[in-house]
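Visitor: Got a predicted structure plus its sequence, pasted below:
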There are 2 protein chains.
Amino acid sequence: MDKRKTSLTEVADAAGVSKMTASRVLRNSGRFSEETRTRVLKEAARLNYVPNRLAAAFASESASTLVGVLVPRLSGGLFGQVVEAIDATLTRLGYQTMIGTFENCTVQEEAWLKSVLAWRPAGLILTGRAHSEGTTAMLKAATLPLVEIWDLNTRPADISVGINHFDCGYEMGRLFLSRERRRIGYAGADLSAPGLGRSRLDGFEQALRDSGAGPVETELLDDRPSFYQGFYATQNLLSRHPDLDAIYFQNDEMAVGGMSYCQSSGLGVPGDIGIAGWGGTDVAAILERRLTTTNISTRALGRAAAEALVSRIRDDAVRDVIEIKSHLIPGDTL
Amino acid sequence: MDKRKTSLTEVADAAGVSKMTASRVLRNSGRFSEETRTRVLKEAARLNYVPNRLAAAFASESASTLVGVLVPRLSGGLFGQVVEAIDATLTRLGYQTMIGTFENCTVQEEAWLKSVLAWRPAGLILTGRAHSEGTTAMLKAATLPLVEIWDLNTRPADISVGINHFDCGYEMGRLFLSRERRRIGYAGADLSAPGLGRSRLDGFEQALRDSGAGPVETELLDDRPSFYQGFYATQNLLSRHPDLDAIYFQNDEMAVGGMSYCQSSGLGVPGDIGIAGWGGTDVAAILERRLTTTNISTRALGRAAAEALVSRIRDDAVRDVIEIKSHLIPGDTL
DNA sequence: GAAAAAAATGTTACCGGTAACGCAAATCTA
DNA sequence: TAGATTTGCGTTACCGGTAACATTTTTTTC
């Protein structure tokens, strides 16, 4: 059996036109009559024609429908949701995604970028705004539509779709103060990549400073911000500073881990110690009390990023700084 | 500025050989002298040459380094981990992944397959073994290396890498019996795709039947198997059958949700009611007691699937049925 | 040391689309 | 109704690699 697919030429022949005309019809790029259109489409359908994207993208850079998407990870955390939303939106708009993870490691980021650029994508969605020198150089040389997500950047390389982490932190800082918390800790992980989480802590500290509150005791573990890291970070923090009356966690998973540690060591929440997370995940639903946190609309973020990218690819007008609003959930653990 | 990348011809010219020779060197396909090799590689490095995979894959089907990967979802559950492992392994072996999600919907599966085949991938990794007619037809027509993951299939279309869900269920059923549980419920969700979770229930029921135990009361919700679904499924089950003394959940997230419901309605676990999950995720760590569940090595599964696929692509010998062992965790909730 | 075999390299054609341009027919304009 | 413009379609060349085959150079063999 012949495993070759039907080609454009065959469709064109069947419809009695040149393959260029067939191409125009199938891409709907004008310059053909209504009659020709129906005939070509009918033949394409009849022959079960599937365009060879490889050939199309190869023939003309501008015909690529490939988009590279890079996030720190897919499992755990919020990125899985973000990627799902990006993918769904891009699929709807006729694009194909090439998804990769880099674990906040610039070396992996660079390697991924290199191999993705070899496929001549139409655009890129990267996480974070800090890149290695090599990455920056490649991006510059490629001059591709580029959306940087997660961390809002008011002076983006191209387009930034993200959350104002500084504000999240600041707002949470004010909530800590209004709840009379004064001896405060912060527990994070995975901060190797500057900008991811870091500015949240900055905002948090700023809020405290603005009210003359003391310094924040921080505990940063070098691992992904998971339940376990939250547990251990809390243990470390409390053994160093047993008098802490509240801890701000990098995310909800860590906060739940911290909660778990407090429970196991007989500390009441929020009586003895206040706890707050960030992100707003399902996990928190497990707790008896509603977790104090900041809700992020990951779906909206992913969708906005994808739509912005496509607009840029198509040369439509787009705002280059798109902020995704977050919502403080006061909850019952602070 | 010229945004074109350096091409193979330029590298060849610089090295003073024909582009065919340069191509051979860069693909390491033999038939060149050591001296030529070093010269070509040096020039390629100097000119910062990045091969155009598009052109390569286009010129020869067999040169494609693209692999399509389809899973139900990326957020929540275990698939994020599986995909991470697949992606890491394929990247290491020199392949590029095109990842998609289909939410256990055959229509989406078919649409995804169609658009991925347009990129002429070297192979595919799909989840589950039940496909729509259209999907089966396309797969047959394409005659691609194919790995079906998750659900072990002893008579696979090509290669199956998965878990024996029936055995998982059977083993758990025996544990239920050994703990003197007799009035048993099952809570699942998202079972629209036959084979995903279904055979676990079959195995579970079989174990009970083999010992003459009564029927299993099942509650199947039509949504993704999440914490909330576990909570509500438990509520429904217990309102219909208040005398249940144990519930088996489709996964750990649901089990934790069920746990949460029991807590909130004053039922002691495992005193009043026993609870068991499946999958072995971090979430369960939150509980004070260790959750009774079955641990799955998602990383091993992803890695094995990727390696099997590459072996098949390269025409190396591979077993076509690869079982990933699971481990029953007796825990303290049953 | 000549013929045969093997190794290294080159030549040509082609993959399946798209851009750029050319040209005839249909339509519009004055 | 002649000339200008628009519309519809075709022709040609090309994207950057790779397969298949041809050719040259080197090595081996007897």
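Guide: Here it is on my side, so go on. Keep in mind it's a predicted model, so treat the numbers as computed, not measured. Numbers count the residues shown, from 1 in each chain, chains lettered A, B, ... in the order given.

Visitor: hey, which helix is longest across chain A?
Guide: helix A:298-313 (DSSP state H).

Visitor: Other residues contacting that helix?
Guide: For helix A:298-313, the surrounding residues in contact (CB atoms under 8 Å, 6 or more residues apart in numbering or on different chains) are A:67, A:78, A:81-90, A:93, A:95, A:122-125, A:145, A:147, A:149-150, A:158-159, A:161-163, A:317-319, A:322, A:324. From N, CA and C alone the C-beta is placed, and that goes for glycine too.

Visitor: which of the residues you listed are buried?
Guide: Using 16 or more other CB atoms under 10 Å in any protein chain shown as the burial test, the contacts of helix A:298-313 include A:67, A:78, A:81-90, A:93, A:95, A:122-125, A:145, A:147, A:149-150, A:158-159, A:161-163, A:318, A:322, A:324 as buried.

Visitor: So which of those are in helices?
Guide: Per DSSP H, the buried ones among the contacts of helix A:298-313 map to helices at A:81-90.

Visitor: Relative to B:Arg299, how far out is the residue of the stretch 151-300 of chain A found nearest DNA strand C?
Guide: Residue nearest to DNA strand C within the stretch 151-300 of chain A: A:Asp158 (22.0 Å; CB to the nearest atom of the strand). Using CB to CB, to the nearest Å, A:Asp158 is found at 35 Å from B:Arg299.

Visitor: got the residues of the stretch 101-250 of chain A near chain B?
Guide: A:101, A:111-112, A:114-120, A:141-143, A:226-228 (CB under 8 Å from any CB of the partner chain).

Visitor: Quick check: the gap between A:Ser33 and A:Arg39.
Guide: For A:Ser33, the distance to A:Arg39 - CB to CB - is 9 Å.

Visitor: Looking only at neighbour counts, state which of those two leads.
Guide: A:Arg39 (19 against 10; other CB atoms under 10 Å in any protein chain shown).

Visitor: Buried members of the residues of the stretch 101-250 of chain A next to chain B into PyMOL, please.
Guide: Of these, the buried ones can be selected in PyMOL as follows, counting by 16+ other CB under 10 Å:
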select buried, chain A and resi 101+111+112+115+116+117+118+119+120+142+226+227+228
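
Visitor: How about the residues of chain A by DNA strand C?
Guide: A:4-5, A:7-9, A:19-20, A:23, A:26-27, A:29, A:51-52, A:55-56, A:58-60, A:62-63 (CB under 7 Å from any atom of the strand).

Visitor: Mark which of these are buried, thanks.
Guide: A:5, A:7-8, A:23, A:26, A:51-52, A:55-56, A:58.

Visitor: wait, which of the residues you listed is closest to chain B?
Guide: A:Phe58 (4.5 Å; CB to the nearest CB).

Visitor: Contacts for the helix or strand encompassing the closest one next, please.
Guide: Here A:Phe58 sits within helix A:53-59, counting by DSSP states H and E. The contact list for helix A:53-59 (CB under 8 Å, 6+ apart) reads A:63-66, A:96, A:119-120, B:52, B:54-55, B:57-58, B:115, B:118-120.

Visitor: So is it next to DNA strand D?
Guide: Yes: judged by CB under 7 Å from any atom of the strand, helix A:53-59 and DNA strand D are in contact via A:58-59.

Visitor: can you give me the mean pLDDT across that helix?
Guide: Averaging pLDDT along helix A:53-59 yields 94.

Visitor: ok, now stretch A:248-267?
Guide: Rounded mean pLDDT across stretch A:248-267 is 90.

Visitor: which parts of that stretch are buried?
Guide: By neighbour count on 16+ other CB under 10 Å, the buried set for stretch A:248-267 is A:248-262, A:267.

Visitor: Show me which of those is closest to B:Ile273.
Guide: A:Ser260 (22.3 Å; CB to CB).

Visitor: The helix or strand that contains that closest one: what's the following helix or strand?
Guide: Per DSSP H and E: A:Ser260 is located in helix A:252-264. Using DSSP H and E, the helix or strand that follows helix A:252-264 in sequence is strand A:274-276.

Visitor: Any chance you could list what contacts that following strand?
Guide: With contacts defined as CB under 8 Å, 6+ apart, strand A:274-276 is touched by A:172, A:175-176, A:179, A:181, A:245-249, A:255, A:258-259, A:262, A:269, A:291-293, A:331, A:333-334.

Visitor: which other helices and strands contact the helix holding A:Ser260?
Guide: strand A:184-189, helix A:227-240, strand A:246-249, strand A:274-276 (3 or more CB pairs under 8 Å, 6 or more residues apart in numbering or on different chains; DSSP states H and E).

Visitor: out of those, deepest packed?
Guide: strand A:246-249 (a mean of 30; mean count of other CB atoms under 10 Å in any protein chain shown).

Visitor: among the residues of the stretch 101-250 of chain A next to chain B, which are in helices?
Guide: Secondary structure from DSSP H places A:111-112, A:114-117, A:141-142, A:227-228 of these in helices.
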